[in-house]
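Undergrad: sequence first, then the predicted structure, then my questions.
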Amino acid sequence: MSAEHWEQLLDRMEEDANRILDAPEGTAAAHDLQPWTQPETPLPAHLADRARAVIDRQRAAMDRTRTDLDGLRQHLGAVRRVPAPQPPDAPAYLDVDG
(Lines give C-alpha, C1' and ligand atoms only; values in the text may rest on other atoms or scores of the structure.)
Protein backbone atom coordinates (compact mmCIF):
# COMPACT_ATOMS: atom_id res chain seq x y z
CA MET A 1 0.00 0.00 0.00
CA SER A 2 1.44 3.33 -0.96
CA ALA A 3 1.63 6.38 1.27
CA GLU A 4 -1.35 7.78 -0.65
CA HIS A 5 -3.43 4.72 0.20
CA TRP A 6 -2.40 4.99 3.84
CA GLU A 7 -3.48 8.63 3.83
CA GLN A 8 -6.86 7.66 2.36
CA LEU A 9 -7.30 4.96 4.99
CA LEU A 10 -6.40 7.37 7.79
CA ASP A 11 -8.80 9.95 6.32
CA ARG A 12 -11.62 7.40 6.32
CA MET A 13 -10.90 6.25 9.86
CA GLU A 14 -10.76 9.83 11.10
CA GLU A 15 -14.03 10.69 9.34
CA ASP A 16 -15.72 7.66 10.94
CA ALA A 17 -14.53 8.71 14.39
CA ASN A 18 -15.61 12.31 13.81
CA ARG A 19 -19.10 11.21 12.69
CA ILE A 20 -19.53 9.41 16.00
CA LEU A 21 -18.12 12.28 18.04
CA ASP A 22 -20.29 14.84 16.22
CA ALA A 23 -23.50 12.79 16.48
CA PRO A 24 -26.34 14.05 18.67
CA GLU A 25 -26.37 12.62 22.18
CA GLY A 26 -27.70 9.08 22.30
CA THR A 27 -27.14 8.32 18.62
CA ALA A 28 -23.43 7.49 18.42
CA ALA A 29 -24.04 3.74 18.45
CA ALA A 30 -26.33 3.99 15.43
CA HIS A 31 -23.51 4.65 12.96
CA ASP A 32 -22.72 1.81 10.58
CA LEU A 33 -19.00 1.76 9.92
CA GLN A 34 -17.47 -0.21 7.10
CA PRO A 35 -14.87 -2.79 8.12
CA TRP A 36 -11.29 -2.40 6.99
CA THR A 37 -8.40 -4.79 6.65
CA GLN A 38 -4.89 -4.32 7.87
CA PRO A 39 -2.66 -3.16 5.05
CA GLU A 40 0.07 -5.49 3.87
CA THR A 41 2.75 -2.81 3.90
CA PRO A 42 4.00 -1.01 7.00
CA LEU A 43 2.83 2.47 7.82
CA PRO A 44 5.19 5.03 6.28
CA ALA A 45 7.22 6.70 9.03
CA HIS A 46 6.10 10.19 8.05
CA LEU A 47 2.46 9.23 8.82
CA ALA A 48 3.14 7.85 12.32
CA ASP A 49 2.06 11.01 14.18
CA ARG A 50 -1.12 11.24 12.10
CA ALA A 51 -1.90 7.58 12.80
CA ARG A 52 -1.49 8.20 16.55
CA ALA A 53 -3.87 11.16 16.33
CA VAL A 54 -6.43 8.99 14.49
CA ILE A 55 -6.09 6.31 17.17
CA ASP A 56 -6.80 8.95 19.83
CA ARG A 57 -9.93 10.05 17.92
CA GLN A 58 -11.04 6.43 17.62
CA ARG A 59 -10.61 5.90 21.37
CA ALA A 60 -12.68 8.99 22.05
CA ALA A 61 -15.36 7.69 19.64
CA MET A 62 -15.38 4.30 21.40
CA ASP A 63 -15.80 6.02 24.77
CA ARG A 64 -18.64 8.10 23.36
CA THR A 65 -20.33 5.00 21.94
CA ARG A 66 -20.00 3.20 25.29
CA THR A 67 -21.53 6.20 27.06
CA ASP A 68 -24.47 6.28 24.64
CA LEU A 69 -24.98 2.52 24.97
CA ASP A 70 -24.92 2.78 28.77
CA GLY A 71 -27.56 5.51 28.58
CA LEU A 72 -29.66 3.35 26.27
CA ARG A 73 -29.37 0.39 28.65
CA GLN A 74 -30.50 2.57 31.55
CA HIS A 75 -33.44 3.84 29.53
CA LEU A 76 -34.48 0.33 28.50
CA GLY A 77 -34.14 -0.83 32.09
CA ALA A 78 -36.48 1.95 33.20
CA VAL A 79 -38.99 1.08 30.46
CA ARG A 80 -38.94 -2.58 31.51
CA ARG A 81 -39.81 -1.58 35.09
CA VAL A 82 -43.05 0.09 33.99
CA PRO A 83 -45.81 -2.34 34.86
CA ALA A 84 -47.87 -3.75 32.02
CA PRO A 85 -51.43 -2.48 31.81
CA GLN A 86 -53.91 -4.69 33.63
CA PRO A 87 -57.40 -5.43 32.34
CA PRO A 88 -60.05 -3.59 34.35
CA ASP A 89 -62.10 -5.53 36.91
CA ALA A 90 -65.31 -4.17 35.41
CA PRO A 91 -66.38 -3.29 31.88
CA ALA A 92 -65.25 0.14 30.77
CA TYR A 93 -68.54 0.94 29.02
CA LEU A 94 -72.16 0.32 29.92
CA ASP A 95 -74.59 -0.43 27.08
CA VAL A 96 -77.73 1.50 28.03
CA ASP A 97 -79.41 1.18 24.61
CA GLY A 98 -79.32 -2.53 24.08
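TA: Yep, that arrived.
Undergrad: so how far is D68 from P24?
TA: Applying Cβ to Cβ, to the nearest Å, the value for P24 to D68 is 10 Å. To be clear about C-beta, it is placed using only N, CA and C from the backbone, and glycine gets the same treatment.
Undergrad: pretty sure A17 is one of the things Q58 touches, is it not?
TA: Yes. The criterion here is Cβ atoms under 8 Å, and Q58 meets it with A17 at 4.9 Å.
Undergrad: who has more neighbours, these two?
TA: Taking other Cβ atoms under 10 Å, Q58 and A17 do not tie; A17 has more neighbours (22 against 16).
Undergrad: check contacts around the more buried one.
TA: Shown in contact with A17 (Cβ atoms under 8 Å, 6 or more residues apart in numbering): 54, 57-58, 60-61.
Undergrad: report all helices and strands that the helix-or-strand element of the chain with minimal mean pLDDT contacts.
TA: Sorting the helices and strands of the chain by mean pLDDT, DSSP states H and E puts helix 48-81 at the bottom, at a mean of 88. Other helices and strands packing on helix 48-81, by 3 or more Cβ pairs under 8 Å, 6 or more residues apart in numbering; DSSP states H and E, are helix 3-22.
Undergrad: now the helix it packs on, how far from the centre of its chain.
TA: Per Cα atoms, centre = their mean, to the nearest Å, the displacement of helix 3-22 from the mean C-alpha position of its chain is 16 Å.
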